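[1] no FASTA, just this:
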């Protein structure tokens, strides 16, 4: 069966960026900045993104482009005879399925809040009223399952329509709409009273803010965020490498994708943090910042219902772009390994993920008595821990070792693939940095992430 390919370079960049740009950027990044002292976190985050995230992204792209396969058959094709690197491919496949089993639920929250805002559900409520709406949503099995199922239906329809006609076309439209909405909201946020103080906190390093958060915490949080924002380690980016030709070198493409991902994260902070300062809301509210805090902000703005509606639509587009990007992996696995037609592969993967998402949705209500790992945890916390603290960093470490050591594909083969085509080239002088420094940093991230949890 001939390998499908993307129709344009723009499609590849927006599709890769769409997979990377998700809830981690628009939900997690602003509150991570708030919790970790502001400006210095942003600077360190960008440094780690370039020093760690971009190199590993080029490795996934290179494996995809050299093999023209999804992650499991890619390992099988590129590994030395008799070696067992491909075993991790099975874990990577499981990781892509498991990721969507909780991501689909969170995506449903964004859609629910869009509907609530459009229909005026928050009108006339005080902070306690907004909190009650959030609790009502989380306590309703029907609502959480319904919105998750609707999100999965959209994802399956788009992906089953074809790589170019469905995935590439829809993601292009969504990503362009996402950027336009973000820019509009970002400009509006800058005009609020007191916004200047928020911008200063957000973008200017401040020793006192860092001291409060703890320098070690700031550095680790920035390292953690810079790595996880790109969804590296389970082949989520590798698949897009398998759909492109050798016209452009991969280092330049990875920098473009990481740049777009960072742009969205920083603008998300520009929307959120100045608004927090303008309305006297603490920017370190953590994960509840968007659901419990921002509806209050929108309520107090002129035209707030319209602005709030666009904000949650933008949140949903960001989530859905990741859903479609990761789901494309699940579809491609079935096409590559079992030889299924795209539509059939999409329907089967869609049913498996939808059924697998139900325990996560019920974990906030009917199954809330199940508290894995520690008291107060939910099923989602367990799934997130497995993907974020185990599969992603361990997978990225193995990808790095596979691409740089003689026991795997090897640095020379990797570098030749990365440098094929026009654009920025990877210097051979970086060989020891890639072989030694990056794996050590990755190993630290894995151990620290498990211990700190």
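    Ah, there it is. This is a predicted model, so every value here is computed, not measured. Residues are numbered from 1 along each chain as shown.
[2] so what's the backbone phi/psi at residue 128?
    Backbone torsions of residue 128, given as degrees, to the nearest 10, read phi -60, psi -40.
[3] what number of residues lie near it?
    The tally of other residues near residue 128 (other Cβ atoms under 10 Å) stands at 7. To be clear about C-beta, it is placed using only N, CA and C from the backbone, and glycine gets the same treatment.
[4] again, but for residue 373
    Around residue 373 there are 11 residues (other Cβ under 10 Å).
[5] and what about it, helix, strand or coil?
    Assigned with DSSP: H, G, I helix; E, B strand; the rest coil, residue 373 falls in the coil class.
[6] which SSE is immediately downstream of the helix of greatest length in the chain?
    Secondary structure of the chain read by DSSP state H shows that its longest helix is helix 304-338. Using DSSP states H and E, the helix or strand that directly follows helix 304-338 along the chain is helix 342-362.
[7] now do the buried residues in that next one.
    Across helix 342-362, burial judged by 16 or more other Cβ atoms under 10 Å covers 342, 345-350, 353-354, 356-362.
[8] and of those, the nearest to residue 100?
    Closest to residue 100 out of the buried residues of helix 342-362 is residue 353 (4.9 Å), distances taken as Cβ to Cβ.
[9] show me the contacts for that closest one.
    Residue 353 makes contact with 97, 100-101, 104, 152, 327, 330 under the criterion Cβ atoms under 8 Å, 6 or more residues apart in numbering.
[10] 6 Å - rerun?
    By Cβ atoms under 6 Å, 6 or more residues apart in numbering, the contact list for residue 353 reads 100-101.
[11] for residue 395, see how far away it is.
    Using Cβ to Cβ, to the nearest Å, residue 353 is found at 19 Å from residue 395.
[12] kindly report the same for residue 75.
    From residue 75 to residue 395 the distance is 11 Å (Cβ to Cβ).
[13] the two: which has the busier surroundings?
    A count of neighbours by other Cβ under 10 Å puts residue 75 above the other of residue 75 and residue 395, at 28 against 25.
[14] please identify which helix or strand holds that one.
    helix 71-78.
[15] buried ones in the longest helix of the chain?
    Here helix 304-338 shows 304-305, 307-336 as buried, counting by 16+ other Cβ under 10 Å.
[16] residue contacts, the residue nearest to residue 113 when sequence neighbours are not counted?
    With sequence-adjacent residues excluded and distances taken as Cβ to Cβ, 6 or more residues apart in numbering, residue 113 is closest to residue 312, at 4.5 Å. Under the criterion of Cβ under 6 Å, 6+ apart, the neighbours of residue 312 are 110, 113-114, 117.
[17] change it to 8 Å
    110-111, 113-114, 117.
[18] run through the stretch 151-300 of the chain and note the low-pLDDT ranges.
    Within the stretch 151-300 of the chain, the segments meeting pLDDT under 70 span 284-287.
[19] return the set of buried residues in the helix or strand encompassing residue 209.
    Residue 209 belongs to helix 207-213 when assigned by DSSP H and E. By neighbour count on 16+ other Cβ under 10 Å, the buried set for helix 207-213 is 209-210, 213.
[20] which strands and helices sit next to the helix or strand where residue 187 lies?
    For residue 187, the element it lies in under DSSP H and E is helix 169-190. Packed against helix 169-190 by the contact rule (3 or more Cβ pairs under 8 Å, 6 or more residues apart in numbering; DSSP states H and E) you find helix 9-20, helix 250-278, helix 304-338.
[21] what comes up buried for the shortest one?
    In terms of neighbour count (16+ other Cβ under 10 Å), helix 9-20 has its buried residues at 11-20.
[22] repeat that for stretch 213-232.
    So for stretch 213-232, counting by 16+ other Cβ under 10 Å, buried means 213, 217-232.
[23] next: stretch 366-383.
    367, 378-383.
[24] again, but for stretch 177-197
    178-179, 181-182, 185-186, 188-189, 192, 195.
[25] which one among the residues you listed gets closest to residue 431?
    Checking these one by one against residue 431 (Cβ to Cβ), the nearest turns out to be residue 179, at 36.5 Å.
[26] spatially nearest residue to that closest one, not counting backbone neighbours?
    Closest to residue 179 by Cβ to Cβ, 6+ apart is residue 264, at 7.4 Å.
[27] same question for residue 252.
    residue 423 (3.6 Å).
[28] show me the helices in the stretch 1-150 of the chain, by range?
    Using DSSP state H, counting those that start in this stretch, the helices of the stretch 1-150 of the chain run over 9-20, 23, 29-35, 39-48, 54-67, 71-78, 87-118, 127-138, 141-160.
[29] and residue 299, which of those is closest to it?
    helix 127-138 (7.8 Å).
[30] which elements pack onto that closest one?
    helix 87-118, helix 141-160, helix 294-299.
[31] swap the cut-off to 7 Å and go again
    Contacts defined by 3 or more Cβ pairs under 7 Å, 6 or more residues apart in numbering; DSSP states H and E place helix 127-138 against helix 294-299.
[32] the residue nearest to residue 252 contacts residue 255, correct?
    No: Residue 423 is beyond contact range of residue 255, at 9.3 Å (criterion: Cβ atoms under 7 Å).
[33] surely residue 317 and residue 176 touch.
    No: contact criterion Cβ under 7 Å: residue 317 and residue 176 do not qualify, at 10.0 Å.
[34] hang on, the earlier thing: in CSV, list the buried residues of helix 9-20 along with distance to residue 26 and pLDDT.
    Listed next are the buried residues of helix 9-20 as CSV, based on distance: Cβ to Cβ, whole Å; pLDDT from 0 to 100:
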residue, distance to residue 26, pLDDT
11, 22, 84
12, 22, 87
13, 19, 88
14, 16, 85
15, 18, 84
16, 17, 86
17, 13, 82
18, 12, 81
19, 14, 83
20, 12, 81
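[35] if we only consider these, which is nearest to residue 259?
    residue 17 (8.8 Å).
[36] which residue is the nearest non-sequential neighbour of that closest one?
    Nearest one to residue 17, counting by Cβ to Cβ, 6+ apart, is residue 260 at 4.2 Å.
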